[in-house]
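1. Take a look and give me a structure for this.
(2 chains)
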Amino acid sequence: MNKVSGNAISWEVKDGVIELALHREPCNELGTQSLGEFEKFIAALPELEEHSHALIIYSQVNSGFSAGADLRETYRRTQDMEKDAAAASIRESLERTHHVMNTIDASPLTTLAAVHGVTFGGGLELALTCDLIIADKTARFCFPELRLGLIPGFGGIPRLKRDLGNSVVRDLLLTGRSFNSAKAQQIGLVSQVVAEGQALRVARATAAQLAKFDQHTAVAAKKFIKPIPYDELRREIDIFCALMTQPAVQAGLKKFVESTDALPYLP
Amino acid sequence: MRTQQQTIDEILELAAAQFKVPRESLSPDDDFFKKLGIDSLQALSLLTRLEQHFSVELPDYELQGVSDFRTLAERIQSRL
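-> Numbering: from 1, shown residues only, chains lettered A, B, ... in the order given. You can find the predicted model right below:
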């Protein structure tokens, strides 16, 4: 099957390149539906990998790559549960999400995220699973979780630590500030910055170049230079779950969910 | 070095172009959320464009509570 279309994501194979499109309005919030479709994707991935050398993840939504986890859905899903049941539900969801992220991270394919606009929280964490991030000039990155009393929960901190210097990680995480694609390239997060609307084209051109390389060597090189920080990823789940049930976090989430402010993520 | 007035004028030009409104309809003391009818995602795209144009970094927490072009210009001017 060369093309699979879902409500939140779709994928197809073109010339040995898997293109995974995100297309859930308003900005590819990652919730239950997206997770289910991502699980279908990773279930199909081993077979797709046999006929492919690269994976491109991109967004078809104008506002950006992804605004991250659907915290409104998470809050509404768990607010009527007992504390233990809510914690168990959140942990189960995180475990499933980590499985998806880790599978993409560990794929033998060379993986590229072509990003534009809002690339926040879980959206940035998804991009961080990829080998290369190609950003257009409209891209804006952020880990806003601390503003809500949380830490990133989809593997963001361990993957940032893997890829960037610790002082940069502290800046991004502890200030929660957003930054543009030029800054992202300066700190080493983004490999190429391109004109508005050109990220997917450049990602395709890059993928076409990769097809010329010996695939066994590419796989060996990736395995050597991109270790997956499984132990830290496990610890991240534990810390996130411990924080999530704190009354202060619940209060912060409630304020965020119910806010009609123009910039609701700013506390 | 730009003057504050030049910075305000350039912000108004950029905002008008980005959100396709007549430049003459925008004034320095306008609430840009209301005047441009923009949401948080669109405000971020304006912020990105302003950073590129003025070659500055503007941490978004510095813009907390800022909703008029004149104050926005002051924040930018302090980083030029």
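
2. Chain B: strands as residue ranges?
-> In chain B, no strands are defined using DSSP state E.

3. Next, the buried residues of stretch A:74-94.
-> A:T74, A:Y75, A:R77, A:T78, A:A86, A:A87, A:I90, A:S93, A:L94 (16 or more other Cβ atoms under 10 Å in any protein chain shown). No exception for glycine: its C-beta is placed from N, CA and C like everyone else's.

4. One more: stretch B:18-32?
-> B:F19, B:L26, B:P28, B:D30, B:F32.

5. of all these, which comes closest to B:D9?
-> B:P28 (8.9 Å; Cβ to Cβ).

6. quick one: least confident of the buried residues of stretch A:74-94?
-> Among those, A:T78 has the lowest pLDDT, at 80.

7. What is the helix or strand that contains A:D171 packed up against?
-> Element membership of A:D171, judged by DSSP states H and E, is helix A:166-175. Contact analysis of helix A:166-175 by 3 or more Cβ pairs under 8 Å, 6 or more residues apart in numbering or on different chains; DSSP states H and E lists helix A:156-163 as its packing neighbours.

8. now the helix it packs on: mean pLDDT?
-> Per-residue scores along helix A:156-163 average to 94.

9. Which strands or helices does it pack on?
-> helix A:122-128, helix A:166-175, helix A:230-244.

10. winner for burial among these?
-> Mean neighbours per residue, mean count of other Cβ atoms under 10 Å in any protein chain shown, is largest over the helices and strands packed on helix A:156-163 for helix A:122-128, with a mean of 28.

11. just to revisit the earlier point, CSV for the buried residues of stretch A:74-94, including secondary structure and distance to chain B?
-> Shown next, in CSV, are those (DSSP: H, G, I helix; E, B strand; the rest coil; distance: Cβ to the nearest Cβ, whole Å):
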residue, secondary structure, distance to chain B
A:T74, helix, 19
A:Y75, helix, 18
A:R77, helix, 23
A:T78, helix, 24
A:A86, helix, 27
A:A87, helix, 30
A:I90, helix, 25
A:S93, helix, 25
A:L94, helix, 26
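
12. Nearest residue to the closest residue to chain A within chain B in space, please, no chain neighbours.
-> The nearest approach of chain B to chain A comes at B:P59, 4.1 Å away (Cβ to the nearest Cβ). Excluding the flanking residues, the one nearest B:P59 by Cβ to Cβ, 6 or more residues apart in numbering or on different chains is A:R177, at 4.1 Å.

13. what's the pLDDT at that neighbour?
-> 90.

14. Secondary structure of it: a helix, I assume?
-> No: counting by DSSP: H, G, I helix; E, B strand; the rest coil, A:R177 is located in no helix; its state is coil.

15. picking up where we left off before, neighbours of the residue of chain B closest to chain A, just the number please.
-> 16 (other Cβ atoms under 10 Å in any protein chain shown).

16. picking up where we left off before, just the buried residues of stretch B:18-32: which are in helices?
-> B:F32 (DSSP state H).

17. Name the pair among the buried residues of stretch B:18-32 with the greatest separation in space.
-> Checking the buried residues of stretch B:18-32 with Cβ to Cβ, the most distant pair is B:F19 and B:P28, at 16.3 Å.

18. Give me the nearest residue to residue 31, chain neighbours excluded.
-> Looking at chain A here, since you left the chain open. Nearest one to A:G31, counting by Cβ to Cβ, 6+ apart, is A:D70 at 3.3 Å.

19. actually chain B
-> Per Cβ to Cβ, 6+ apart, closest to B:D31 is B:S67, 4.8 Å.

20. right, and A:A139 touches A:A182 too?
-> No: the criterion here is Cβ atoms under 8 Å, and A:A139 misses it with A:A182 at 9.6 Å.

21. So between those two, which is more surrounded?
-> A:A139 (30 against 17).

22. give me every residue that touches that one.
-> A:G64, A:F65, A:V115, A:H116, A:G117, A:T119, A:N180, A:S181, A:A184, A:V190, A:A199, B:T48 (Cβ atoms under 8 Å, 6 or more residues apart in numbering or on different chains).

23. taking those one by one, which sit in strands?
-> Short answer: these in strands (DSSP E) are A:G64, A:F65, A:V115, A:T119, A:N180.

24. ok, and the most crowded of these?
-> Going by other Cβ under 10 Å, A:T119 tops the ones in strands among the contacts of A:A139 with 34 neighbours.

25. Would you mind giving me the confidence score for the nearest residue to that one once chain neighbours are set aside?
-> Leaving aside its sequence neighbours, A:T119 sits nearest to A:F65 (Cβ to Cβ, 6+ apart; 4.3 Å). We have a pLDDT of 96 for A:F65.

26. do the same with A:M1
-> For A:M1, pLDDT reads 55.

27. A:P264 now?
-> Taking A:P264 on its own, its pLDDT is 50.

28. Please apply the same query to B:K35.
-> Predicted confidence (pLDDT) for B:K35: 88.

29. contacting residues for the residue lying closest to it once chain neighbours are set aside?
-> The spatially closest residue to B:K35, leaving aside those adjacent along the chain, is B:L26, at 6.4 Å (Cβ to Cβ, 6+ apart). Contact analysis of B:L26 by Cβ under 8 Å, 6+ apart lists B:L12, B:A15, B:A16, B:K35, B:F69.
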